[in-house]
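J.: Generate coordinates for the sequence data below:
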Amino acid sequence: MSEADQLERIARLLEEVRDDQRAQIERQVESLAIQKAQHQAFLDQQGKTAQLQQRAEAIQDRSARLVGRIQRIVPVMLVIVVVLIAYVSWLLFRFYR
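T.: The predicted structure is shown next:
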């Protein structure tokens, strides 16, 4: 091989290396774009999850307050019902005697 052929071959090899590097960079750019989109989707989903969690906590708080109120009201209502049953029973026994 002559020196000119060797230089031509080296030039072709360098062009191939350059073209392969460009292709690799393009693939990396595409890969980074996909990763960026996936990361954004993850952040969006995380935001939605946080909102749902806050709503669930608010519902649980309201539910806990409601249960607390009912736990205070039920004994009072039970006493009232027992007193009313006793009163109606007394009225019935008094009326039928």
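J.: What strand or helix carries residue 63?
T.: Assigned by DSSP states H and E, residue 63 belongs to helix 3-96.
J.: quick one: average pLDDT of that helix?
T.: Averaging pLDDT along helix 3-96 gives 95.
J.: let's number from 48 now, not from 1
T.: From this message on, residue numbering opens at 48, which makes the last subject helix 50-143.
J.: Residue 137 and residue 129: what is the separation?
T.: 13 Å (C-beta to C-beta, to the nearest Å). Heads up, the C-betas are built off the backbone N, CA and C, glycines and all.
J.: Just checking the distance from stretch 102-118 to the centre of its chain.
T.: On the basis of C-alpha atoms, centre = their mean, to the nearest Å, stretch 102-118 is displaced by 21 Å from the centre of the chain it belongs to.
J.: actually stretch 134-143, not the one I typed
T.: Its chain's C-alpha centre lies 61 Å from the corresponding centre of stretch 134-143 when counted by C-alpha atoms, centre = their mean.
J.: how near is residue 104 to residue 93?
T.: Distance of residue 104 to residue 93, computed by C-beta to C-beta: 16 Å.
J.: nope, residue 116 is what I meant
T.: For residue 116, the distance to residue 93 - C-beta to C-beta - is 35 Å.
J.: Same check on residue 66?
T.: 40 Å.
J.: again, but for residue 87
T.: The value you get for residue 87 to residue 93, if C-beta to C-beta is used, is 11 Å.
J.: Same check on residue 76?
T.: Remark: distance between residue 76 and residue 93 (C-beta to C-beta) = 26 Å.
J.: Check residue 143 too.
T.: As judged by C-beta to C-beta, residue 143 and residue 93 stand 72 Å apart.
J.: Looking at these two, which has the bigger crowd around it?
T.: Counted by other C-beta atoms under 10 Å, residue 143 and residue 93 do not tie: residue 93 has more neighbours, with 10 against 6.
J.: No further queries at this time; thank you.
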